[in-house]
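J.: Structure here, sequence nowhere to be found:
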Ligand SMILES: O=C(O)c1ccccc1NCC(=O)[C@H](O)[C@H](O)COP(=O)(O)O
């Protein structure tokens with residue numbers, strides 16, 4: 001994957017945003033995404049609906065649609081569902097969120113996209129997301145703050161994604177409730193769980209921390225839990241199977257047997 005990946009995706013997103021209407025925020029969301037961190041059910045897994053990716057191409061080999069997959073995740077014990085809405089590289093759609101919300105009114109749903117405009121956040125709210133990912137490396141400091149504040153205004157929980165110490169420093173300036181540590185370097189697409197191991201030491205205790213990307217097994221989850229990671233965002237490891245929910249069920253029971 002070329003180092004220009006993020007710039008390429010930026011131009012796709014900009015074109016998409018140009019075509020989006022200015023949605024008026026009439027009713028902010030009231031379902032607090034942070035509830036997932038305080039329920040007694042462990043481990044806290046945010047399972048991702050992710051059909052393809054820049055690093056793997058097509059991931060999902062089966063016949064289930066996005067709603068079926070989300071339902072299978074819920075039945076297996078997912079704390080929340082992350083929905084990749086980016087259409088070009090991930091074969092996602094914002095409509096997936098609308099459909100999943102219609103089927104599951106109480107579900108915690110994370111809008112996963114390359115967000116650079118308030119319009120995307122407003123659209124996410126309208127479709128039924130209650131959290132939104134803000135990728136620090138994709139935004140400058142001022143835009144990060146603006147989108148963070150706007151997410152709160154919409155009643156959505158902003159999750160600031162970081163990959164290095166500089167991005168973490170920038171993220172901490174807005175005093176976020178939730179930080180996502182992405183183990184994947186978005187320039188090179190290389191993955192190392194050491195990223196979580198290194199950055200967690202510098203995050204205040206009152207912040208919930210999600211370990212993102214590259215999680216493959218129960219042992220890794222247990223190790224990350226032991227050093228203070230609160231939740232786990234998992235996509236490819238589940239979606240490369242025909243029945244992602246069944247894989248999640250196995251993973252959860254392995255984690256419970258580990259602890
Ligand atoms: O998944 C990719 O290849 C990717 C490439 C470039 C930017 C973002 C990418 N993925 C988005 C994500 O953050 C992941 O979907 C998410 O953390 C789950 O990761 P995984 O379990 O490794 O599929």
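T.: Received, thanks. All figures in this text were calculated on a predicted structure; none of them were measured in a lab.
J.: Run a quick check on residue 49 versus residue 95, I expect a contact.
T.: No: with contacts counted by Cβ atoms under 8 Å, residue 49 stays clear of residue 95, the gap being 11.9 Å. C-beta: built from backbone N, CA, C; applies to glycine.
J.: between these two, which one's more packed in?
T.: residue 49 (29 against 12; other Cβ atoms under 10 Å).
J.: distance of the more buried one from residue 70?
T.: Residue 49 sits 6 Å away from residue 70, going by Cβ to Cβ, to the nearest Å.
J.: shared neighbours of the two, which are they?
T.: Common contacts of residue 49 and residue 70 (Cβ atoms under 8 Å, 6 or more residues apart in numbering): 81, 83, 100.
J.: Of the residues you listed, keep whichever come out buried.
T.: 81, 83, 100 (16 or more other Cβ atoms under 10 Å).
J.: Among those, which are located in helices?
T.: residue 100 (DSSP state H).
J.: okay if I get the buried ones among the shared contacts of residue 49 and residue 70 as TSV plus distance to residue 163 and pLDDT?
T.: Output for those, formatted as TSV (distance: Cβ to Cβ, whole Å; pLDDT from 0 to 100):
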residue	distance to residue 163	pLDDT
81	23	98
83	21	98
100	27	98
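J.: closest to residue 220 among the buried ones among the shared contacts of residue 49 and residue 70?
T.: Among those, residue 81 lies closest to residue 220 (Cβ to Cβ), at 20.7 Å.
J.: Nearest residue to that closest one in space, please, no chain neighbours.
T.: residue 70 (4.8 Å; Cβ to Cβ, 6 or more residues apart in numbering).
J.: swap in residue 24?
T.: That would be residue 122: by Cβ to Cβ, 6+ apart, it lies 7.9 Å from residue 24.
J.: Would you agree residue 122 is in contact with residue 154?
T.: Yes: the pair residue 122 / residue 154 is scored as a contact, 6.7 Å apart, by Cβ under 8 Å.
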